[in-house]
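Participant: What would the 3D arrangement of this be:
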Amino acid sequence: MKRITANQYQTSERYYKLPKILWENERYKDMKLEEKVAYSFLKDRLELSLSNGWIDEDGSVYLVYSNPKLMELLGCSKSKLLSIKKALRAYGLIEEVQQSSSDKGNLANKIYLGELESDIEIPLVLNSDQGGVSKTLGGSLNQPGVVLNSATNETEYNELLDNSSRKAEENPPEKIQEGKYIQSKYYSLLQVIVDKYNDRYSYPHGYRLTHEQKMMIGQYLESGYVRSDEILNMIDRIPRDCESPLAYLLRMLQNLKLERQTESG
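Facilitator: Just a heads-up that it's a prediction; the model follows:
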């Protein structure tokens, strides 16, 4: 056996993301390991869906896989695949929509993934237009409705789930107007972008986006001047040794938005 070195651990393989909530939330404690891994695998493939433009009119990202293709990807039999799908449906984590037939035959179903639910509730601090007074409401991070500008630090939420030390990146000077929110149809697109950013910079830098920083990126997405696949490509183009990757990303987003505005004007 060749032992893994520190350098090889940091730089070599690519990894699938396994959401910790699947192991830490009581809701999912009885889910089988193969079902957790299958969900994680499919969620990882959403990035490819974004690149292909597989986004419906509601802004939801979907996968397009036939059962034989899924069996090949997951390395399982048809009966095992059907069992995994049944379990994921029971947890509200998968939904299939049949597509119309084409001249080439039946089309594979569209596959939508459900959001994971957190049972940890934290207060949301909402900005008010009346004399700068703040109002605090109880709520959970997976509460439906608009995404509001929150003073709650995303790092604090992560610390509730994991006591390991992490730091949230400081806000860059180009701060978007406070009190903004984005429409719910952009949730899934933004989460894929945030996951990619955090995966790239959480180790060894320890950077993780706060809720406010997520909204800053989300507002560019909602503006219609920047596509989700373009943001993903921008993250890949940020220099590895960049000391402030978020500021670098927002600068690229702002430049592209201004360029598109000039073209349309």
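Participant: Quickly list the domain ranges of this protein.
Facilitator: Here the domain assignment for the chain is 15-113, 124-264, based on automatic domain parsing.
Participant: Which residue, neighbours along the chain excluded, lies closest to the residue most central in space within the chain?
Facilitator: Of all residues in the chain, the one closest to the mean position by Cα atoms, centre = their mean is Q191, 2.2 Å from it. Distances taken as Cβ to Cβ, 6 or more residues apart in numbering put E115 closest to Q191, at 7.8 Å, once the chain neighbours are dropped. Bear in mind the C-beta positions are built from the backbone N, C-alpha and C, glycine included.
Participant: Then the one you found would be within a helix, right?
Facilitator: No - read with DSSP: H, G, I helix; E, B strand; the rest coil, E115 is coil and lies in no helix.
Participant: Quick check: pLDDT value at it.
Facilitator: Confidence at E115, expressed as pLDDT, is 89.
Participant: Would you list the phi and psi of it?
Facilitator: Phi and psi for E115, reported as degrees, to the nearest 10, are phi -70, psi 140.
Participant: Any figure for the gap between it and S228?
Facilitator: 17 Å (Cβ to Cβ, to the nearest Å).
Participant: Looking at the two, which has the bigger crowd around it?
Facilitator: It is S228, of E115 and S228, that has more neighbours when counted by other Cβ atoms under 10 Å, with 22 against 13.
Participant: Return the distance of the more buried one relative to L189.
Facilitator: As judged by Cβ to Cβ, S228 and L189 stand 5 Å apart.
Participant: So for the two, which residues contact both of them?
Facilitator: Applying Cβ atoms under 8 Å, 6 or more residues apart in numbering, one finds that S228 and L189 are jointly contacted by 50, 55, 221.
Participant: wait, doesn't D229 sit right on L50?
Facilitator: Yes - between D229 and L50 there is a contact at 5.2 Å, judged by Cβ atoms under 8 Å.
Participant: Looking at the two, which one has more neighbours?
Facilitator: Higher neighbour count among D229 and L50: L50, with 21 against 18, using other Cβ under 10 Å.
Participant: what is the rounded mean pLDDT of the longest helix belonging to the chain?
Facilitator: Counting residues, the longest helix found in the chain (DSSP state H) is helix 245-264. Computed over helix 245-264, the mean pLDDT rounds to 87.
Participant: burial of W23, as a residue count?
Facilitator: Neighbours around W23, by other Cβ under 10 Å: 12.
Participant: Ok, S77 next?
Facilitator: S77: 10 neighbours (other Cβ under 10 Å).
Participant: need the contact list for it.
Facilitator: M71.
Participant: Could you check the pLDDT of it?
Facilitator: 95.
Participant: Check K214 too.
Facilitator: 88.
Participant: Quickly find the element holding it.
Facilitator: Here K214 sits within helix 211-223, counting by DSSP states H and E.
Participant: quick one, the helix or strand following that helix and helix 211-223 angle?
Facilitator: Next in sequence after helix 211-223, counting helices and strands by DSSP H and E, comes helix 228-237. If you take axes from the mean of the first three to the mean of the last three Cα atoms, to 10 degrees, helix 228-237 sits at 130 degrees to helix 211-223.
Participant: relative to helix 245-264, how tilted is helix 228-237?
Facilitator: Using the same axes, to 10 degrees: helix 228-237 against helix 245-264 is 140 degrees.
Participant: Give the other helices and strands that helix 228-237 contacts.
Facilitator: helix 46-52, helix 187-201, helix 211-223, helix 245-264 (3 or more Cβ pairs under 8 Å, 6 or more residues apart in numbering; DSSP states H and E).
Participant: So what's the residue count around the nearest residue to Q99 once chain neighbours are set aside?
Facilitator: What sits nearest to Q99 in space, not counting adjacent residues and going by Cβ to Cβ, 6+ apart, is L107, at 4.0 Å. Summarising burial for L107: neighbours were counted as other Cβ under 10 Å, giving 13.
Participant: Was I right to think L107 contacts V97?
Facilitator: No - the criterion here is Cβ under 8 Å, and L107 misses it with V97 at 10.7 Å.
Participant: buried ones in stretch 82-92?
Facilitator: 84-85, 87-88, 91 (16 or more other Cβ atoms under 10 Å).
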